[in-house]
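A.B. asks: Make a model of this:
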Amino acid sequence: MTAPETGPSPQRGPAPAPPPGRITKRSDFLRAARGRRVALPGFVLQGWNRGDQCPEIRAGFTCSKKVGNAVARNRAKRRLREIARLDLTRFGRPGWDYVLIGRHDATARLPFETLRADLARGLSKLHSK
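C.D. replies: Next up is the predicted model:
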């Protein structure tokens, strides 16, 4: 039996940013709906500056039945969660809540890179208002 290797681990690049926190309460979704709103081809983006001292970025995801059946809604939400995980910590602002709302035939159909570009453009518009 050999002893486990000790010493520094091989370098794998910078650690990924932690995923944004989740919005789960209805009241938080409603509060974000009263904030700023940007309509994009792939989804609708809502944002709300919480104004508290917590620097966490939080995100919520929703798709109505207009998006399709349960399979289509779940696929759309999975795609929205992934673009938020990849880009929201980079382009979002600390202390903000964001809600991404799926669109009928667009969120599940558009190319993934288009959705990512929409998020970056939408956050830029949202914060310039």
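A.B. asks: alpha carbons only for contacts and neighbour counts from here, please
C.D. replies: Fine.
A.B. asks: So the most centrally placed residue in the chain: helix, strand or coil?
C.D. replies: The residue lying closest to the centre of the chain (Cα atoms, centre = their mean) is Ala84, at 2.5 Å. Each residue gets one of three states, and Ala84 gets helix by DSSP: H, G, I helix; E, B strand; the rest coil.
A.B. asks: What ranges in the chain fall below the confidence cut-off?
C.D. replies: For the chain, the stretches flagged by pLDDT under 70 are 1-18.
A.B. asks: Tell me the secondary structure of Arg116, please.
C.D. replies: Applying three-state DSSP: Arg116 is helix.
A.B. asks: what about the residue nearest to it when sequence neighbours are not counted, how many residues close to it?
C.D. replies: Once flanking residues are discounted, Arg116 sits nearest to Ile83: 5.7 Å by Cα to Cα, 6 or more residues apart in numbering. Using other Cα atoms under 10 Å, Ile83 has 19 neighbouring residues.
A.B. asks: who's in contact with Ile83?
C.D. replies: 115-116, 119 (Cα atoms under 8 Å, 6 or more residues apart in numbering).
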